[in-house]
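Colleague: build me a model:
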Amino acid sequence: MRYFALLALSALILLPGCASSKPKMSGPAVVRELLTTGYCKCGRCCNWTHSTFLKKTVFKEGPNKGKPKKVGQTASGKMAKKHHTIAADTSLYPFGTVMYIPGYGYGVVEDRGGAIKGQHIDLFFGSHEAALKWGKQRKKVQIWFP
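Modeller: A predicted model of the protein is given here:
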């Protein structure tokens, strides 16, 4: 029995693709100082609410107000992952842009937000408390474009 538990644990540790793994990058990095903030999948961070009429999760405001919203799904269609997903101004940093942020680690631009414009990125965290703890920080970020 202990053998199977050890085998299962080692499989979890060695599985590729976990959030802490380093994304694929090519070429030299560009370094820019960016404003960084944190967000999570909660309704306050991601503009959703529960519709009492539809009994579903919907956008709270904006051009998609009242339309269904899948909680945790990014603008690129992928599900957000803590210490991996970054929201950015995709006119400057398109989906697939890899970034290294000191104190956060590597992440990939997979989302965008209404308040995320210019040299500002929003880093995804697993909880609202962790996002608030990060706060607002200016960081020298290494950037690899797709």
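
Colleague: which non-adjacent residue is nearest the one residue sitting closest to the centre of the chain?
Modeller: Among the residues of the chain, T85 comes closest to the average C-alpha position under CA atoms, centre = their mean, at 2.3 Å. Leaving out its chain neighbours, the residue that sits closest to T85 by CB to CB, 6 or more residues apart in numbering is F124, at 3.8 Å. C-beta here means a position set from N, CA and C on the backbone, and glycine is covered the same way.

Colleague: quick one: pLDDT of that neighbour?
Modeller: Note on F124: pLDDT of 92.

Colleague: about what we covered before: who touches the residue nearest to the centre of the chain in this structure?
Modeller: T85 makes contacts with 74, 78, 107-108, 110-111, 123-124, as judged by CB atoms under 8 Å, 6 or more residues apart in numbering.

Colleague: now do 6 Å
Modeller: Residues near T85 by CB atoms under 6 Å, 6 or more residues apart in numbering: 110-111, 124.
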